[in-house]
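>>> everything below, folded, please.
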Amino acid sequence: MTPLLDSIESAQDLRRLSPSQLESLAAEIRQCLIQSLSRTGGHLGPNLGVVELTIALHMVFNTPEDKILMDVSHQAYIHKLLTGRRKQFDTIRQPGGLNGFMLRTESQHDAYGAGHAGTAISAALGMAVARDLSGGKNHVIAVAGDAAFTNGISYEALNNIAEQTKRLIVVLNDNEWSIDRNVGAIARYFHRIVANERYKHLHDSASRLIEKFGGKAAIHVARKAEEAAKGMLWPSMFFEEFGLTYYGPIDGHNIPLLTQTFEFLKSENRPVLLHVLTQKGKGFQPALDLQKKFHGLGPYDPETGQTKPAGQVTYSEVFANTLVQLANEDEKIVAITAAMPNGTALDLFRPHHPKRYFDVGIAEEHAVIFAAGMATQGYKPVCAIYSTFLQRAFDPIVHDVCLQKLPVIFCMDRAGLSGDDGPTHHGLFDIGYLRDIPEIVLMAPKDEDELADMMLTATQIPGPSGIRYPRGAVAGVARKSKPELLPVGKAEVLADGSDVAILGLGPMITLAQDLAGRLERDGISAAVVNPRFVKPLDVELIEQYAKRVHAFVTFEDHALAGGFGAVVLEVLSQLGLNVPVVRIGWPDRFIEHGKVDQLRARHGVTAEAAYLQLQPYLSSLRRRARVAI
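Numbering: from 1, shown residues only. Below you'll find the predicted structure:
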């Protein structure tokens, strides 16, 4: 039962509650999160940690006039609960339901959509400057976790704040997961001085007097003396060098303190940063004990936190275990992740080769250039980065890796549809943004055994290469004891045919086989081809089939624009062969969140859709078959 939460439709309802009721509301919100997400899955741990912080933000600021931005925004569930979406909350991450991140089209209270780290401060600064230009008086607040400060974009934004606006509030949500506790203890002591209004008044008054009577030289001396006194207190000095007045850290679970502090910060006519300490997973012991697991997960038991029994082995696990095997035999192989050791399964690699494992934080650009540097020294770096996150490193891939022909291996996890996480996480563009780069070799395995073969092959390629593979369970085929080298640029013919050639890229080979079976029942001879390589494409094989089939069909878990089917069309055009191509993939739009099978059916990424599109090209074949009979 959540009577207080059920009564909240807006911040006005929130402000009518007493302090004790606000504490009860926080407890009800945690109960709602634990129960609801046990059925739908989602980012439980991060949201449990920001309950009081989000309540305080909405107590003090008025959305949508005031703009609250959350970095990544996977911790925006409470924000949704407090802005009129309580009745829809059980639909979060479900088909047709609430998105798991902030989404501007979902609510006017979602000031900025996000799903990747490091964007909140830049976007907030843009909003603040736009407000200033328009003569507005509203507040802009960017909430960013400590992990977001490992992202270079955050620092690029910090570098510009003081030059561009006089009013912006940045909230550093430190859950003590990444920042040293000793630093937190020193900073807590400093806060008791800095957040004191009397100290602030005296500090400002002293500065004005020194400026009046002593000039800039005296101010410089005073500043140096202040720095000496605060020398150990790096959080304050660090942010103040960027021109932000630092406050904190304060208890991020103390609603009265948070609201009082935010009221104070509203009056500040300068950019400020408030450092709050929160506990990720607060209120649910399993989430406290297993923080990585409960950052984001599927359904679980709301009493014990036990997840449903694990299914098959995942592609990520096959990747990591194969990398261990290859690294055992090749001391030049190193593994690099950008803050996703669990998601990419490199946490399975780390215990075997800890000195050859590198987590660079949420810094994909740095990860790629770091890999390039290692490659110049004879190493074979393997960058395991989600397809959607690798987008952020496009220029380093071009400028630092491919231009120099360096043997960096990009293993693109979550290539293809990412289901419940939605459009910010779908990996539907990697072929499009990589295949036009000279020197790179691009591969897609049809199953887990071929993934291992491609990883071995990649280690022997003298230049850059990429392997794209999906989220989730593997195909379940038997694996060889040792991977085997594949001939670069050569496809695999799984079944020959003379009427239609069907190419299924990666695991989409199953749809190709389904279509072939249906065509065979119609008396149509269908070839089934596992392309293996997007670049270089097996041009010889394409030419051979183009001279005898009536149509091609391509299946890909990728956007049709610039994807694998487009590569086949381009090759046929270059060969001067006019053979129709039915391309099955994702349309030219951002695909919503939902269950993969349902989304495929909705958008025509099915064998049935291919069969229907083929009909105009098969009519002559059927007439020929009737004549032959």
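>>> how close does A56 get to T261?
Applying CB to CB, to the nearest Å, the value for A56 to T261 is 8 Å. Every residue, glycine included, has its C-beta placed from N, CA and C.
>>> what comes up buried for the helix or strand where Q12 lies?
Using DSSP states H and E, Q12 sits in helix 11-15. Using 16 or more other CB atoms under 10 Å as the test for burial, helix 11-15 gives 11, 14.
>>> other SSEs contacting it?
helix 51-60 (3 or more CB pairs under 8 Å, 6 or more residues apart in numbering; DSSP states H and E).
>>> next one: the one helix or strand L257 maps to to chain centre, how far?
Per DSSP H and E: L257 is located in helix 255-266. Distance of helix 255-266 from the chain centroid (CA atoms, centre = their mean, to the nearest Å) equals 32 Å.
>>> how about stretch 480-489?
Its chain's C-alpha centre and that of stretch 480-489 lie 31 Å apart, by CA atoms, centre = their mean.
>>> report the buried residues of it.
483, 486, 489.
>>> kindly export it (C-alpha atoms) in CSV.
Only the C-alpha atoms of stretch 480-489 are listed here, as CSV (Å, rounded to 0.1, in the frame of the first residue of the first chain):
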residue,chain,number,x,y,z
LYS,A,480,35.2,-26.5,-31.2
SER,A,481,37.9,-27.0,-28.6
LYS,A,482,40.0,-24.4,-30.3
PRO,A,483,39.0,-21.5,-32.7
GLU,A,484,40.0,-21.7,-36.3
LEU,A,485,41.1,-19.0,-38.7
LEU,A,486,38.6,-17.8,-41.2
PRO,A,487,39.5,-16.7,-44.8
VAL,A,488,39.0,-12.9,-44.7
GLY,A,489,36.2,-11.7,-46.9
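>>> list of residues touching that stretch?
322, 325-326, 441, 449-450, 452-457, 460-461, 532-533, 536-538 (CB atoms under 8 Å, 6 or more residues apart in numbering).
>>> quick check on those: which are buried?
322, 325-326, 441, 449-450, 452-457, 461, 532-533, 537-538.
>>> take the contacts of stretch 480-489 and keep only those in helices.
In helices, judged by DSSP state H, the following of the contacts of stretch 480-489 are found: 322, 325-326, 449-450, 452-457, 460.
>>> format the residues you listed as TSV; extra columns: pLDDT.
What follows is those, written out as TSV (pLDDT from 0 to 100):
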residue	pLDDT
T322	98
Q325	98
L326	98
D449	98
E450	98
A452	98
D453	98
M454	98
M455	98
L456	98
T457	98
Q460	98
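>>> just give the nearest non-adjacent residue to D330, would you?
Leaving out its chain neighbours, the residue that sits closest to D330 by CB to CB, 6 or more residues apart in numbering is T459, at 6.5 Å.
>>> likewise K266?
H139 (6.3 Å).
>>> ok, the one you found touching R167?
Yes - with contact defined as CB atoms under 8 Å, H139 reaches R167; the gap is 7.2 Å.
>>> can you tell me how far E28 is from T91?
Distance from E28 to T91, by CB to CB: 19 Å.
>>> more crowded one of these two?
Neighbour totals were compared for E28 and T91, and E28 leads with 20 against 15 (other CB atoms under 10 Å).
>>> which strand or helix spans that one?
Counting by DSSP H and E, E28 is part of helix 19-40.
>>> between helix 255-266 and that helix, find me the angle.
100 degrees (axes from the mean of the first three to the mean of the last three CA atoms, to 10 degrees).
>>> hey, C-alpha coordinates of the helix or strand following helix 19-40 in PDB?
Proceeding N to C from helix 19-40, the next assigned helix or strand is helix 44-48, under DSSP H and E. This file holds the C-alpha atoms of helix 44-48, laid out as PDB (Å, rounded to 0.1, in the frame of the first residue of the first chain):
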ATOM      1  CA  LEU A  44      16.800  -0.600  -9.300                       C
ATOM      2  CA  GLY A  45      20.000   0.300  -7.400                       C
ATOM      3  CA  PRO A  46      20.500   3.800  -8.800                       C
ATOM      4  CA  ASN A  47      16.900   4.800  -8.200                       C
ATOM      5  CA  LEU A  48      16.800   3.500  -4.600                       C
END
